[in-house]
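In: Next come a sequence and a model predicted from it.
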Amino acid sequence: MTHTDNRFRRLSLALDYSFSQAELLRQALTHRSFGSPNNERFEFVGDSILNYTVARMLYDQFPKLSEGELSRLRANLVNQNTLAEIAHELKLGDYLYLGEGELKSGGFNRPSILADALEAIFAAISFDANFAAAELVVSKLYIQRVAAIDTTQQAKDAKTRLQEALQARRLPLPKYRILLQSGEAHEQWFKVACDLGDLAIDASGEGGSRRAAEQQAAECALQLLEHKLASTKKRP
């Protein structure tokens, strides 16, 4: 920890990595709205580190799965929503350098900004040390998520699992509708509803694309559906 700026001490502990060059971590946490240098180019490298590391973890963990199944699992683990969840766990928003406009609009809590910053951190670690160090940090952040995967369920995305659950019970398919759409074309944000009308279930999800928001809404609807069905079974 002696090499890392005191401002980042808690974050370095959470990452279990101490930077020799604190300026690399600072750049990884700098959004373009704050100025230059920022984390956009770091994000490009970090994305590749993340994808390789998670792919290797899945390859080792699930030797019997096909390439297509592994690809679907990886997509669920490296998407914006999962990255934002990990960033929240690290309290990454507390460390971001944002321009005035992003600060006022709550950019420190925006999933797209958090996800990009986390990927940029992976790149910064590789620049500060080497690829192996970055791979180790990614592995530690993802080890529990990979271990918790139920391949009988997670190989299929949430929308597919919800559709199959409804069809098995001869219930109408869900209806998705956009509740909110904001942001510029390169950084849009969607809030989508998933309506299971006959069951009085109305779930919602958010994401950096309509598809991501629909998947999150479907996951939420699935949980509500399972809870509702379990409650019905318990009734005398």
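Out: Looks like it arrived, so ask away.

In: was I right about residue 49 contacting residue 131?
Out: Yes. The pair residue 49 / residue 131 is scored as a contact, 6.9 Å apart, by Cβ atoms under 8 Å. C-betas here are computed from N, CA, C, even on glycine.

In: higher neighbour count, those two?
Out: Neighbour comparison, residue 49 and residue 131: the larger count goes to residue 49, with 20 against 16 (by other Cβ atoms under 10 Å).

In: Now residue 126: closest residue in space that isn't a chain neighbour?
Out: Spatially, and ignoring its direct neighbours in sequence, residue 126 is nearest to residue 134 (4.0 Å; Cβ to Cβ, 6 or more residues apart in numbering).

In: Would you quantify the distance from the one you found to residue 59?
Out: 18 Å (Cβ to Cβ, to the nearest Å).

In: And for residue 208?
Out: In terms of Cβ to Cβ, residue 208 sits 27 Å off from residue 59.

In: Now do the same for the spatially most central residue of the chain: helix, strand or coil?
Out: Nearest residue to the geometric centre of the chain (Cα atoms, centre = their mean): residue 82, 1.8 Å. What DSSP: H, G, I helix; E, B strand; the rest coil gives for residue 82 is helix.

In: Give me the nearest residue to it, chain neighbours excluded.
Out: Among residues not flanking residue 82 along the chain, residue 76 sits closest, at 6.9 Å (Cβ to Cβ, 6+ apart).

In: so the one you found, which of the three states?
Out: Looking at residue 76 with three-state DSSP, the answer is helix.

In: So what's the residue count around it?
Out: 19.

In: neighbour count winner among residue 208 and residue 59?
Out: The residue with more neighbours, out of residue 208 and residue 59, is residue 208; 21 against 13, by other Cβ under 10 Å.
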